[in-house]
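> this is the structure alone, sequence omitted:
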């Protein structure tokens with residue numbers, strides 16, 4: 001059975017970077033990752049004004065089904081979502097089971113249907129200013145957005161949903177990673193907060209505690 005590690009935090013906090021670094025550091029274990037962003041539904045109406053940060057924007061049933069299948073040792077046909085076309089693509093991506101399954105997304109620790117499927121919950125924390133700057137850089141470079149549209153979306157939906165759903169979910173985390181500064185040092189070693197998460201994952205994976213609800217708090 002795979003150990004399921006949920007990685008949450010605000011938009012731009014560094015969730016994807018944290019998962020990438022942790023997967024690279026867990027060389028002795030097989031790992032895979034699933035992004036909640038892949039499970040967006042096509043937004044109704046104008047995509048420019050849609051609320052992508054509300055739970056209803058996600059196909060939670062499908063994501064939960066896929067996490068269960070990966071935990072039990074099966075592969076899943078995960079969707080692909082285009083942020084430039086605002087729709088799921090026809091071609092799917094096959095995600096194979098592994099010793100450690102990471103699932104990242106802003107709402108991973110906020111929703112009971114996902115929270116109950118986690119063995120370890122991690123919250124990646126960064127200040128609002130840092131997160132906004134990172135989101136601006138990403139969306140302008142990778143998603144062909146204008147800086148004005150990014151700011152408008154931040155004020156209309158991203159910040160309110162962060163206050164309502166994301167920030168309170170920090171209380172559901174077993175471990176918190178401070179991501180204001182780079183998550184890896186100049187010498188290539190993980191930052192202290194990241195290292196503590198890696199230690200917890202190694203202990204749980206070695207112990208074979210990959211059953212949902214099997215004492216998530218006993219990780220530090």
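That came in fine, so what should we check first? All values derive from a computational prediction rather than experimental measurement.

> quick one: residues in contact with stretch 131-148.
Residues outside stretch 131-148 that contact it (C-beta atoms under 8 Å, 6 or more residues apart in numbering) are 10-14, 83-84, 126, 150-151, 154, 158. Bear in mind the C-beta positions are built from the backbone N, C-alpha and C, glycine included.

> low-scoring stretches of this structure, by residue?
Within the chain, the segments meeting pLDDT under 70 span 208-220.

> in it, which spans are strands?
Assigned by DSSP state E, the chain shows strands spanning 3-9, 31-35, 76-78, 81-82, 87-88, 93-95, 100-104, 120-125, 175-178.

> deepest of those strands, which one?
strand 3-9 (a mean of 28; mean count of other C-beta atoms under 10 Å).

> tell me which other helices or strands that strand touches.
With contacts taken as 3 or more C-beta pairs under 8 Å, 6 or more residues apart in numbering; DSSP states H and E, strand 3-9 sits against helix 15-25, helix 60-71, strand 100-104, strand 120-125, helix 192-207.

> what angle sits between it and strand 120-125?
20 degrees (axes from the mean of the first three to the mean of the last three C-alpha atoms, to 10 degrees).

> quick one on the thing from earlier: and of the strands of the chain, who's closest to residue 189?
Residue 189 lies closest to strand 175-178 among the strands of the chain, at 14.6 Å (C-beta to C-beta).
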